[in-house]
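K.L.:
what shape does this take:
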Amino acid sequence: MTEQPPEPIIQTVAEAVRAQSARRIAIFAAPGTDEAPPEWLPVDAMRVSACADLQAGRPDGARVDLALLTPDWLRQAADAGNLERELAALRDLYAGAVLAVAEQDAPLSDAGWRALGFTTHRRDARTGTALQGFNLYDYKQRPDWLNARNWANPELWDVYRW
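P.N.:
Numbers count the residues shown, from 1 in each chain. The predicted model follows:
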């Protein structure tokens, strides 16, 4: 069992949960973790320990809007040797947004999180705990060149030949 994450991290997670109000939320915790959920967490949030549990809990195949990953779950998935696979499955198949509370001794380095498309939302300087996040809908910055100005401009079809 780990100690409670720092207050700024908890506040950021609570804000993200409030932003997903009345939506589908899943908390990934290691099996045997029987802590009471915080008061800001919706009572209908699913508590699961693996992506397979999430799939079984949602027979319609719909994504959850937010998946919250605890440090215990990250450690347990790394010990089982499938942390990257579970994170990629969450990111690609099961959740629109993923927030992970990663302690300083987390199984993935910052580079490992970045390689999976996650960004650091907040880091506590005192404890080294970081909040890593992925949002399917804004994970990639749109490049400036990707617009109609630079692509098939009908005005230029007769001007330039290539």
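
K.L.:
tell me how far the ends of stretch 117-133 are from each other?
P.N.:
End-to-end distance of stretch 117-133 (Cα to Cα, to the nearest Å): 9 Å.

K.L.:
quick one: residue 107 is in a strand?
P.N.:
No. Counting by DSSP: H, G, I helix; E, B strand; the rest coil, residue 107 is located in no strand; its state is coil.

K.L.:
Provide a list of residues in contact with it.
P.N.:
74-75, 77-78, 83 (Cβ atoms under 8 Å, 6 or more residues apart in numbering). No exception for glycine: its C-beta is placed from N, CA and C like everyone else's.

K.L.:
how does it look with 10 Å?
P.N.:
Neighbouring residues of residue 107 by Cβ atoms under 10 Å, 6 or more residues apart in numbering: 71, 74-79, 83-84.

K.L.:
any chance of a markdown table for those, columns distance to residue 122 and neighbour count?
P.N.:
Formatted as a markdown table, the contacts of residue 107 follow (distance: Cβ to Cβ, whole Å; neighbours: other Cβ atoms under 10 Å):
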| residue | distance to residue 122 | neighbour count |
| --- | --- | --- |
| 71 | 15 | 22 |
| 74 | 16 | 24 |
| 75 | 20 | 17 |
| 76 | 23 | 21 |
| 77 | 22 | 22 |
| 78 | 22 | 15 |
| 79 | 26 | 11 |
| 83 | 21 | 21 |
| 84 | 23 | 15 |
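
K.L.:
just those residues now: which is nearest residue 108?
P.N.:
The closest of the contacts of residue 107 to residue 108 turns out to be residue 83 (Cβ to Cβ; 6.8 Å).
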